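> how would this look folded up:
(chains A and B)
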Amino acid sequence: MPLSNAEMNDDLKDEAIVAQVQKGDADSFRLLVERYEAKMARYARRFLFDGDEAKDLLQEIFIKAYVNIQSFDVTRRFSPWIYRIAHNEFVNAIKKRKKESNLISLNYLDVLFPHPLAKETADSDMNRKELKALLDTSLDKISPRYREPLTLYYYEEMDYREIAEIMQVPVSTVGVWLQRGRAQLRKTIGEKQ
Amino acid sequence: MDVEKDVLAAIKSGEVKMRPKWRFTLISALAIVAAAIVFLILVYVVSFIIFMLHETGVWFVPAFGLNGWYALFWSLPWILILFSGIFVILLALLVRKYPVAYRRPVLYSFLAILFLVAAGSASIVNTSLFREIFSAGPNETLLPFVGSFCADCRVPDPGDVHHGEVLATAPNGFVMEDLRNRTLIVLVGSTTMVREDGTLVPGDRIVVFGAFVSTDTIGANGVEQIGE
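Residues are numbered from 1 along each chain as shown, chains lettered A, B, ... in the order given. Have a look, this model is predicted:
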């Protein structure tokens, strides 16, 4: 049964909407697109740095989500699932670029061995704002491998576990990549000054 | 470009269709079956390697020191070991898509696979499976593939390692029959390293490490009594 207007509010969980879509209520998919369009656009913009390509991929993400929606387990969270689709699309897009294709390929040493878990430190608001401001000016100078976890952590405000789920890597690897990303950011800013 | 409008229009027009649930269930089931098949082949091959090393006696020679390790190294079936290595990597790739695998370093997946394969192989080696295949001969086994597989992939001739049974004892050694039904005289000297549970008696299973000094006589560097 399609969702009534009263039901179509912000309180309705993503997973409940997906369950409706899975039952054949294609109209409810509109709610998911509305909820995630801005997030996906922001993610694409920061990860890809190509406006036109990002728009094309945005459409592709939602189409893939709809086509494969029956594979989604409604007992799990929808957000990492759709971000995972986006991640795959963006990684494939970057692989097609000659200049950056080698920078996105997985460094197997990063996922092969255990790393001492880089603790998820709660950045102070000030620190976080400062880092975001620095990222705004220099994110495009950072390798795509580290750009993605930085984007998800600082802009999408996800924790290590969520990022690990989207990138399908161990949590400790996310910590290592964030550390390296911050180091690369500091180096880039140092070179600018 | 209005993403929402375009996506919904594509859905409404039927241009974009939802894949049925059974398709995903089938793919998941096939992936599980593929992983199970790879795992079973791996267990089979590894247990076969262990069985052959036991049968030839090579398994026991590291007890005789550096020369024993050297003999073991050169007697290992490297083609089968390479084949097993490829299958371990394949299995690690097949399980990588599951959260239990990708949430941990790949090394842990390898270790878990090796542990499960070792446990599975140990339980198979202790059954009579390979002994029956081995005694049936390559062409007479119930599983032809297994027979030819065993025939083609034998452990390399272990050279100075002789596995068999004591037929008679003498003051300076003993007479044994090896697995090829050859009767061999084994000379035991003061420098021979003997690892036995008491004195050797006819019927004991032994592994002799040493070179031939004549066509049917071995100068033993080491003798180890092994269980049944």
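> Mind listing what's buried along stretch B:64-79?
Within stretch B:64-79, the residues scored as buried using 16 or more other CB atoms under 10 Å in any protein chain shown are B:Phe64, B:Gly68, B:Ala71, B:Leu72, B:Ser75, B:Pro77. For the C-beta atoms, the positions are set from N, CA and C on the backbone; glycine is no exception.
> State the mean pLDDT of it.
Mean pLDDT, computed over stretch B:64-79, is 87.
> Stretch A:151-158 near chain B anywhere?
No - applying CB under 8 Å from any CB of the partner chain, one finds stretch A:151-158 out of contact with chain B, separated by at least 15.4 Å.
> Same question for the helix ranked longest in chain B: list its buried residues.
Ranked by residue count under DSSP state H, the longest helix found in chain B is helix B:21-56. Buried residues in helix B:21-56, counting neighbours by 16+ other CB under 10 Å, are found at B:35, B:38-39, B:42-56.
> Against which helices or strands is that helix packed?
The contact analysis (3 or more CB pairs under 8 Å, 6 or more residues apart in numbering or on different chains; DSSP states H and E) places helix B:21-56 against helix B:66-75, helix B:78-95, helix B:106-125, helix B:129-136, strand B:161-170.
> Rounded mean pLDDT for it, please.
The average pLDDT within helix B:21-56 is 92.
> for it, the distance to its chain's centre please.
14 Å (CA atoms, centre = their mean, to the nearest Å).
> So what angle separates the directions of that helix and strand B:161-170?
Following axes from the mean of the first three to the mean of the last three CA atoms, to 10 degrees, one obtains 40 degrees for the angle between helix B:21-56 and strand B:161-170.
> what angle do helix B:21-56 and helix B:78-95 make?
Relative orientation of helix B:21-56 versus helix B:78-95 (the same axes, to 10 degrees): 160 degrees.
> how does the chain divide into domains?
Chain wasn't specified; assuming chain A. A:1-102, A:106-193 (automatic domain parsing).
> Switch to chain B, please.
Domains of chain B are assigned by automatic domain parsing as B:21-152, B:161-226.
> So for A:Ala164, which of these sits nearest?
Each of the domains of chain B has some distance to A:Ala164 by CB to CB; the shortest is domain B:21-152, at 6.6 Å.
> Following the chain onward from the lowest-mean-pLDDT helix or strand in chain A, which element is next?
Least confident helix or strand, chain A: helix A:101-104 with a mean of 61, by mean pLDDT, DSSP states H and E. Next along the chain after helix A:101-104, taking DSSP states H and E as the criterion, comes helix A:108-112.
> Please name every helix or strand in contact with that following helix.
helix A:171-192, helix B:106-125.
> now for the first one, which elements pack on it?
If I follow you right, that is helix A:171-192. Packing contacts for helix A:171-192, counted by 3+ CB pairs under 8 Å, 6+ apart, involve helix A:108-112, helix A:125-138, helix A:144-150, helix A:160-167.
> and residue 97, how many neighbours?
Since no chain was named, I'll use chain A. Using other CB atoms under 10 Å in any protein chain shown, A:Arg97 has 14 neighbouring residues.
> not what I meant, chain B
The local packing of B:Lys97 (other CB under 10 Å) involves 11 other residues.
> Just the pLDDT at B:Ser148, thanks.
On pLDDT, B:Ser148 comes in at 52.
> The host helix or strand of A:Asn92 and chain B, any residue contact?
Here A:Asn92, judged by DSSP H and E, is contained in helix A:78-96. No - contact of helix A:78-96 with chain B (CB under 8 Å from any CB) is absent, the minimum separation being 10.6 Å.
> Report the mean per-residue pLDDT for that helix.
Taken as a whole, helix A:78-96 has a mean pLDDT of 92.
> what angle do that helix and helix A:160-167 make?
Using the same axes, to 10 degrees: helix A:78-96 against helix A:160-167 is 50 degrees.
> Which elements pack onto helix A:78-96?
Using 3+ CB pairs under 8 Å, 6+ apart, the elements in contact with helix A:78-96 are helix A:14-22, helix A:29-48, helix A:51-67, helix A:101-104, helix A:144-150, helix A:160-167.
> Can you mark which positions in that helix are buried?
By neighbour count on 16+ other CB under 10 Å, the buried set for helix A:78-96 is A:78-83, A:85-87, A:89-91, A:93-94.
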